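Peer 1: I'll drop the sequence and a predicted model, then ask my questions.
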Amino acid sequence: MPELALRAGEDTSLMGMRLPARTDYAIRAAAELAGFAPGGWMKGRDIARAQRIPYKFLMGILRQLTLSGIVESRRGSEGGFRLARPAQAVSLAEVVSAVGTHRSASDPVVSGVGSAVTRMWSRLEREVERVLSAIPLSDVVAADQPAPGTPASWA
């Protein structure tokens, strides 16, 4: 199965289909929070720097993730952002849905070619949703870690 590239600066495409920047950044920001100390608050600037996401764009994404209940925010010098639930309880589908970048088979961009093509896009949409629903953020963080015993210079 193809992997989504989640490291800063890598290509984010799946079978030649590019992910919208908002989707890519939302997944990377959520994964960054998932890999942070449990219960700790991470500053938006630190997330932006770590993932090479434009700060103002990131703040809009974090606002959407907060409104959807995936992320909590707290103001002040001791504030920042953190996951509202454990990383294993948040699916990639939730993150994608929260930022509203999911393309529907009924969108004019993918329909209008005929009912067979529309049905094919609908089927693909359901499969993508099924797969993303089965991948928790904790798996994304674990996939980004070197295998135990791997020398630091190889990571």
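Peer 2: Everything's here; your move. Numbers count the residues shown, from 1 in each chain.
Peer 1: Could you list the residues in contact with stretch 48-59?
Peer 2: Ala8, Gly9, Ala21, Arg22, Tyr25, Arg28, Ala29, Glu32, Gly44, Arg45, Ile47, Ile61 (Cβ atoms under 8 Å, 6 or more residues apart in numbering). Where you see a C-beta, it was placed from the backbone N, CA and C, and this is true even at glycine.
Peer 1: which of the residues you listed count as buried?
Peer 2: Arg22, Tyr25, Arg28, Ala29, Glu32, Gly44, Ile47, Ile61 (16 or more other Cβ atoms under 10 Å).
Peer 1: give me every residue that touches Arg85.
Peer 2: Gly69, Ile70.
Peer 1: Distance check, it against Leu33.
Peer 2: 11 Å (Cβ to Cβ, to the nearest Å).
Peer 1: one step back: where helices are concerned, which of the buried ones among the contacts of stretch 48-59 count?
Peer 2: Among the buried ones among the contacts of stretch 48-59, the ones falling in helices (DSSP state H) are Arg22, Tyr25, Arg28, Ala29, Glu32, Gly44, Ile47, Ile61.
Peer 1: Export the contacts of stretch 48-59 as a markdown table, with columns for pLDDT.
Peer 2: A markdown table is the format used below for these (pLDDT from 0 to 100):
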| residue | pLDDT |
| --- | --- |
| Ala8 | 48 |
| Gly9 | 47 |
| Ala21 | 91 |
| Arg22 | 94 |
| Tyr25 | 96 |
| Arg28 | 95 |
| Ala29 | 97 |
| Glu32 | 95 |
| Gly44 | 97 |
| Arg45 | 97 |
| Ile47 | 97 |
| Ile61 | 97 |
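Peer 1: one step back: quick check, nearest of the buried ones among the contacts of stretch 48-59 to Ala116?
Peer 2: Arg22 (30.0 Å; Cβ to Cβ).
Peer 1: Can you get me a residue count around Ser73?
Peer 2: 16 (other Cβ atoms under 10 Å).
Peer 1: List the residues that contact it.
Peer 2: Leu62, Thr66, Gly79, Gly80, Phe81.
Peer 1: Kindly report the same for Gly69.
Peer 2: Ala84, Arg85.
Peer 1: what about it, distance to Ala84?
Peer 2: 6 Å.
Peer 1: Show me which of the buried ones among the contacts of stretch 48-59 is closest to Val96.
Peer 2: Looking across those and measuring by Cβ to Cβ, the closest to Val96 is Arg22, at 9.5 Å.
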